[in-house]
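**Student:** I would like to see how this sequence folds:
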Amino acid sequence: MRNIAVILAAGSGRRAGMEEPKQFSMLKDRPVVEYALAAFDRHCTIDEICLVCHPDYMKRMEDLRKKGTYRKWSRTIPGGATRRDSTLAALRAYTEDEDNLIFHDAARPLVSQRIIGDVTAALGQWRAVNVCVPSADTLMRTDADGKTIEEVPPRQYWQRSQTPQAFRRSVIAAAYARAADDDGCLQTDDCSIVKKYLPDESIFIVRGEPANMKLTYPEDFYYIQYWLS
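**Tutor:** Residues are numbered from 1 along each chain as shown. Next up, the predicted model:
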């Protein structure tokens with residue numbers, strides 16, 4: 001059973017207000033995407049890396065891969081318009097149901113070796129794994145307009161999801177097959193799709209880290225620079 005890291009780098013960077021995808025923005029001396037590549041390439045439990053790229057930047061990514069810096073980066077495939085489309089692209093690229101697919105956002109450049117190791121270790125017992133950090137803020141459920149508070153749930157039951165999100169391929173493929181038949185599917189990440197369409201499948205939680213944040217908005221780069229320093 002192989003551990004295959006799927007680095008998701010097909011975003012456009014629109015929310016960050018950039019002219020090109022944020023995965024190509026420079027952090028210190030290298031592009032954002034190279035941090036995640038290096039982290040998974042370095043970890044001894046990872047057998048292979050697949051990078052899912054925006055179709056317009058395939059050549060740029062392939063040129064980087066051909067430099068030979070990363071031993072485990074074996075292929076680059078075009079992603080889709082949404083996160084779900086990119087996951088489906090990876091499912092089509094890997095057809096062995098007993099492979100472990102470990103999905104990670106390229107826009108989370110500071111994933112640690114400890115997180116990667118804990119995720120792959122958990123896959124020895126669990127068929128679905130997520131990385132989460134407890135919410136330091138009290139969360140409010142609002143009305144449909146977002147103008148009034150409907151409920152204040154107990155904070156101890158809420159955690160913020162990060163990546164990697166990892167699955168036995170047969171599990172994530174079965175969840176996506178069911179989602180394909182549901183025109184009302186609104187889930188935007190892989191764990192939420194597994195939980196909705198395979199409700200009996202337990203998803204184990206690995207403890208995340210504050211530094212494993214996602215670059216989404218321009219100000220996030222300041223926080224990442226802080227962690228790097």
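**Student:** count of neighbours near the spatially closest residue to residue 2 that is not a sequence neighbour?
**Tutor:** Nearest in space to residue 2, with sequence neighbours left out and distances taken as C-beta to C-beta, 6 or more residues apart in numbering, is residue 47 at 4.3 Å. For glycine as for every other residue, the C-beta is placed from the backbone atoms N, C-alpha and C. As a burial measure, residue 47 scores 15 neighbours (other C-beta atoms under 10 Å).
**Student:** for residue 200, same thing?
**Tutor:** With other C-beta under 10 Å as criterion, residue 200 counts 5.
**Student:** hey, where'd the helices end up in the protein?
**Tutor:** In the chain, the helices defined using DSSP state H lie at 32-42, 58-66, 83-93, 113-122, 169-180, 190-197, 220-228.
**Student:** which of the ones you listed sits closest to residue 206?
**Tutor:** helix 113-122 (4.5 Å; C-beta to C-beta).
**Student:** for that closest one, packing partners?
**Tutor:** Helices and strands touching helix 113-122, by 3 or more C-beta pairs under 8 Å, 6 or more residues apart in numbering; DSSP states H and E, are helix 32-42, strand 100-105, strand 128-134, strand 159-168, strand 204-207.
**Student:** wait, what's in contact with the closest residue to residue 135 other than its chain neighbours?
**Tutor:** Leaving aside its chain neighbours, residue 135 sits nearest to residue 158 (4.6 Å; criterion: C-beta to C-beta, 6+ apart). Shown in contact with residue 158 (C-beta atoms under 8 Å, 6 or more residues apart in numbering): 134-135, 139.
**Student:** in TSV, list those residues along with distance to residue 1.
**Tutor:** Converted to TSV, those look like this (distance: C-beta to C-beta, whole Å):
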residue	distance to residue 1
134	31
135	33
139	37
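**Student:** buried ones among those residues?
**Tutor:** Among these, none scores as buried (criterion: 16 or more other C-beta atoms under 10 Å).
**Student:** which single one of those residues is nearest to residue 10?
**Tutor:** Using C-beta to C-beta, the contacts of residue 158 come closest to residue 10 at residue 135, 27.9 Å.
**Student:** distance of the closest one relative to residue 154?
**Tutor:** Computed as C-beta to C-beta, to the nearest Å, the residue 135 to residue 154 distance reads 11 Å.
**Student:** ok so, going back, relative to residue 20, which of the helices of the chain is closest?
**Tutor:** Among these, helix 58-66 sits nearest to residue 20 (C-beta to C-beta), with 9.5 Å.
**Student:** for the closest one, list the C-alpha coordinates in CSV.
**Tutor:** Presented in CSV, the C-alpha positions along helix 58-66 are these (Å, rounded to 0.1, in the frame of the first residue of the first chain):
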residue,chain,number,x,y,z
MET,A,58,1.3,22.9,-16.5
LYS,A,59,4.5,23.7,-18.5
ARG,A,60,5.9,25.9,-15.7
MET,A,61,5.4,23.1,-13.2
GLU,A,62,6.8,20.4,-15.4
ASP,A,63,9.9,22.5,-16.0
LEU,A,64,10.3,22.7,-12.2
ARG,A,65,9.8,18.9,-11.9
LYS,A,66,12.4,18.1,-14.6
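**Student:** low-scoring stretches of this protein, by residue?
**Tutor:** The chain contains residues with pLDDT under 70 at 12-19.
**Student:** so which residue is smack in the middle of it?
**Tutor:** residue 104 (3.0 Å; C-alpha atoms, centre = their mean).
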